[in-house]
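Give me a model of this one.
(chains A, B, C and D, ligands or ions: 6)
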Amino acid sequence: MANVSLVIVSHSKQLGEGLVKLLRQVAPGVDIHEAAGLGDELGTDATAIMAALQQCPNTHDILVFFDLGSAAMNAEMALELVPPSVAERTRIVDAPLVEGAVAAAVAARSQLPLDDVMQQAETARIMQKRLG
Amino acid sequence: MANVSLVIVSHSKQLGEGLVKLLRQVAPGVDIHEAAGLGDELGTDATAIMAALQQCPNTHDILVFFDLGSAAMNAEMALELVPPSVAERTRIVDAPLVEGAVAAAVAARSQLPLDDVMQQAETARIMQKRLG
Amino acid sequence: MLTLETLQAFIQAYAARLAELCTVLDDLDNRIGDGDHGTNMARGFRTAADRITGETFADLGALCQAVAMALLASVGGASGPLYATAFMRFAQSWKDCTNVDFGQVATGVANACEGLRARGKAEVGEKTLLDVWTPASEALAAQPDEYGMRAAVARATKAALASRDIPATKGRAAYLGERSVGTCDPGSISSAVFFEELADATVGGVTKTSWQTSAW
Amino acid sequence: MLTLETLQAFIQAYAARLAELCTVLDDLDNRIGDGDHGTNMARGFRTAADRITGETFADLGALCQAVAMALLASVGGASGPLYATAFMRFAQSWKDCTNVDFGQVATGVANACEGLRARGKAEVGEKTLLDVWTPASEALAAQPDEYGMRAAVARATKAALASRDIPATKGRAAYLGERSVGTCDPGSISSAVFFEELADATVGGVTKTSWQTSAW
Ligand SMILES: Nc1ncnc2c1ncn2[C@@H]1O[C@H](COP(=O)(O)OP(=O)(O)O)[C@@H](O)[C@H]1O
Ligand SMILES: Nc1ncnc2c1ncn2[C@@H]1O[C@H](COP(=O)(O)OP(=O)(O)O)[C@@H](O)[C@H]1O
Ligand SMILES: [Mg+2]
Ligand SMILES: [Mg+2]
Ligand SMILES: [Mg+2]
Ligand SMILES: [Mg+2]
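Ligands and ions are numbered 1, 2, ... in the order given. Coordinates of the predicted model:
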């Protein structure tokens, strides 16, 4: 049984929290964390990302989603600073934040293997959201 | 001078408000509205989308960004219900919500023509956010 | 025959029925979507029912339009623009009429069905409410009378239960694809209930399915 | 020579300088980014300066590591992981040393520069702070002494001002591409100030550019 945790990294606390609620609705039971905002300011905090990574159960693979390039830089920084036992279970996913995380959350809820969860997230890039 | 307004449609009020703050930071002066959440619940509200569209200056083209397919359905509904003079200036953009809106906001701030603003948003689909 | 009175009674009855079925619809949606279809529909039709209570409407068109607008601002999910579109099509079809015969009911349902297809960009067989509206509409068109109305309920019920075996290709359940097989489509169930209550309000004596047991 | 004391003094001076330059850095970033580079840097180095005030550090490595960790949790933007990476490379380079000569300073700066390149996946010429760190590092490597330090400031200043003419291909300004030409890169300016203050703390008597007028 594949267990995947999601970590949402955003410059905005509100955006991160709102997204996590949306994800919990489609994927109740999936372990989801957020590291968003820098206090009340817009920004990301590598130490908050480290903390989020370390909150994930140590049997889980971890997928990190992010909003903008500088958030990814901070996520990479965090990956270098957490213990290797955490880092080796973690991947930063270059997918659209909302669309990728929703697709991944649904897949994680279905207990799909890690590669499939990642692939679902990456497919969100090319998926037409608007039908027709 | 091309004037473009952005309307953000999301199931989550928090997500919508957070994103608008992020957009205002990269694109001060650009006219940005949000129609997000259904009261305190997760959902979208076609009448709120109509109101957002009608708040945009009547000289502006309007680009609507949305999170999930059902939000697009509600946006289409709203487009059918606003006066034609508003609807004909409006396009629903099938781009990643956060990434597309950021790219569009930057382009709108630079006063690029509507087609270029839309194209920037659509290019966000394939843009690598994480470098290297 | 559908009158202003029977249509109002239908809305009230459907709202009450959705309140009863809220949990099972949420539970079905929880398995293949986001778990809110019952909550969305119950809230939406409660709002619509309250909006029309005590109001007088000039014709069926005005009544249906009021229901549509109430749904738009209160359902929240995909079912909001979908059911609102159905009521807008009713409104167009029954404009200026204070009552319509079953032929006109059949036309209204056919127009609503067409509206749903356009709104959802869906075809029959994608595990959406269109799978229920389409056969119900066909039954009514084939026999635009009391018997056709009952046949519509039977076809709708059968289709709603058959949605269990279809993989979703539209709506949120499409994320699951083949994994959605085994769960009935919540929007198909709420649509079957729609036809049960519409038939009950217009022709009466409809035997209603116990969805809590059969759809689960 | 760089000692624990001069490095501490450098951090304090740089933090004070960033507070003065906060508005011009924000304004530059406002034109080609999101308008927060001055705020980010001033907040980050204020936090770092406060963190090390009154603390004693065993060696330059520990001091630089403390600065890096403070920046990570307080800068917020791309410049956070970038400057933090530079300080982590300093920490590795100057591990167990309570003071280092200009040869070791040159090595530390070269390692930091390499770290910035890896962190930002940037090359020289993309209108990022790498455009400043690279020539400064080269000047210091070519002449690892007081004169090299002054040459590094001169090269850094020139590169920071030259960033005006380059279209951005990395960072937020890359959204603007050619439209970023005409505005100096804020991270390049804060980096040039970094070398001004580093030189002033180590060799003294550095003439500082009036960035408010020349970078605008
Ligand atoms: N594109 C579509 N076309 C037709 N019906 C759809 C479409 N998308 C969803 N539906 C219907 O809507 C129902 C879900 O409604 P609901 O749960 O209220 O909305 P949401 O999926 O936004 O949470 C589905 O069960 C399905 O019958
Ligand atoms: N990929 C990168 N590589 C190197 N430097 C970068 C990169 N992205 C941004 N920068 C530098 O960071 C500066 C912006 O910092 P700041 O405004 O604090 O962060 P943000 O862009 O996240 O708001 C830019 O001026 C540029 O010099
Ligand atoms: Mg739902
Ligand atoms: Mg929903
Ligand atoms: Mg910035
Ligand atoms: Mg920023």
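
Neighbours of the nearest residue to C:Ala73 once chain neighbours are set aside, how many?
Excluding the flanking residues, the one nearest C:Ala73 by Cβ to Cβ, 6 or more residues apart in numbering or on different chains is B:Thr47, at 4.3 Å. The way it works is simple: take the backbone N, C-alpha and C, and place the C-beta from them, glycine included. Around B:Thr47 there are 17 other residues, counting by other Cβ atoms under 10 Å in any protein chain shown.

Over to the one 4 residues further on?
Burial of B:Ala51 is recorded as 14 neighbouring residues (other Cβ under 10 Å).

Helix or strand: which one has it?
helix B:46-55 (DSSP states H and E).

returning to what we had before: and the residue nearest to C:Ala73, what does it touch?
B:Ala78, C:Met69, C:Leu72, C:Ala73 (Cβ atoms under 8 Å, 6 or more residues apart in numbering or on different chains).

So which other helices or strands are in contact with the helix or strand encompassing C:Asn40?
Per DSSP H and E: C:Asn40 is located in helix C:37-52. Applying 3 or more Cβ pairs under 8 Å, 6 or more residues apart in numbering or on different chains; DSSP states H and E, we find helix C:37-52 packed against helix C:4-32, helix C:60-72, helix C:79-93, helix C:186-202.

Can I get those in TSV including mean neighbour count, distance to D:Met41 and mean pLDDT?
Shown next, in TSV, are the helices and strands packed on helix C:37-52 (neighbours: other Cβ atoms under 10 Å in any protein chain shown; distance: least, Cβ to Cβ, whole Å; pLDDT from 0 to 100):
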stretch	mean neighbour count	distance to D:Met41	mean pLDDT
helix C:4-32	20	47	98
helix C:60-72	23	48	98
helix C:79-93	25	47	98
helix C:186-202	26	52	98
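
For ligand 4, what is the nearest residue in chain A?
A:Gln25 (6.9 Å; Cβ to the ion).

cool, chain C as well?
C:Gly77 (3.7 Å).

Count the neighbours of that residue for me.
31.

now A:Thr123
Neighbourhood size, A:Thr123 [other Cβ under 10 Å]: 14.

Contacts only, for the closest residue to it other than its chain neighbours.
Distances taken as Cβ to Cβ, 6+ apart place A:Ala103 nearest to A:Thr123, at 6.7 Å, with adjacent residues excluded. The neighbourhood of A:Ala103, defined by Cβ under 8 Å, 6+ apart, consists of A:Ala95, A:Gln120, A:Ala121, A:Thr123, A:Ala124, A:Met127, C:Tyr175.

so what's the spatially closest residue to the residue of chain C closest to ligand 4 that is not a sequence neighbour up against?
Leaving aside its chain neighbours, C:Gly77 sits nearest to C:Asn40 (4.5 Å; criterion: Cβ to Cβ, 6+ apart). By Cβ under 8 Å, 6+ apart, the contact set of C:Asn40 is B:Gly43, C:Val75, C:Gly76, C:Gly77, C:Ser79, C:Gly80.

again, only using 10 Å
With contact taken as Cβ atoms under 10 Å, 6 or more residues apart in numbering or on different chains, C:Asn40 is in contact with B:38, B:41, B:43, B:70, C:18, C:22, C:25-26, C:29, C:34, C:71, C:74-80, C:83, C:186-187, C:190.
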